[in-house]
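Q: here is a sequence together with a model predicted from it:
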Amino acid sequence: QVQLVESGGGLVQAGGSLRLSCAASGRAFSSIATGWFRQAPGKEREFVAAVSWNGRSTYYLNYADSVKGRFTISRDNAKNTVYLQMNSLKPEDTAVYYCTARYGSNSYNQNEYNYWGQGTQVTVSS
């Protein structure tokens, strides 16, 4: 079992930055892929970013096209924590952001993730 707890959401003006954190508990954090999805009002949940680690020196990163160059996902395996640094925020980034995890490699498909956090609200004002 993996438990995920997000933090770091809030209200920010367009062009600003926020960093989301997701603390994971449970075993074998290093062997799980972790990611972020988001869901805006009236819209379906969508993939944002994912990161996994091969246990040595390689991290695998994936991003949605809409956030490439603005968002950075990273993880600290010693702290069992994954981060989402969000820069140059836009009003369309407003959503509830969910941390998620699965055993294995990154996936863009939310149905392939087994564990979810409770979500944290990010609101970007224009």
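A: Perfect, I can see it now. Everything numeric here is computed off the predicted structure, so don't read it as measured data. Numbering: from 1, shown residues only.
Q: okay, CA-based contacts and neighbour counts for the rest of this
A: Fine.
Q: quick check: mean pLDDT of stretch 71-81?
A: The pLDDT scores in stretch 71-81 average 94.
Q: stretch 106-121 now?
A: Summarised as a single mean, pLDDT over stretch 106-121 is 96.
Q: from the chain's centroid, how far away is that stretch?
A: 8 Å (C-alpha atoms, centre = their mean, to the nearest Å).
Q: ok, and for it, which residues are buried?
A: Neighbour counts over stretch 106-121 (16 or more other C-alpha atoms under 10 Å) mark 106, 107, 108, 110, 113, 116, 117, 119, 120, 121 as buried.
Q: touching, the first one and residue 53? I think so.
A: No - taking contacts as C-alpha atoms under 8 Å, residue 106 lies outside contact range of residue 53: 9.6 Å.
Q: identify the contacts common to the two.
A: 33, 60 (C-alpha atoms under 8 Å, 6 or more residues apart in numbering).
Q: need the pLDDT of the residue nearest the centre of the chain.
A: Geometric centre of the chain, nearest residue: residue 36, 2.5 Å, by C-alpha atoms, centre = their mean. pLDDT recorded at residue 36 is 98.
Q: what bridges to it?
A: Bridge pairing for residue 36 (DSSP bridges) gives the partners residue 49, residue 99.
Q: check contacts around it.
A: Residues in contact with residue 36 (C-alpha under 8 Å, 6+ apart) are 47, 48, 49, 50, 84, 97, 98, 99, 100.
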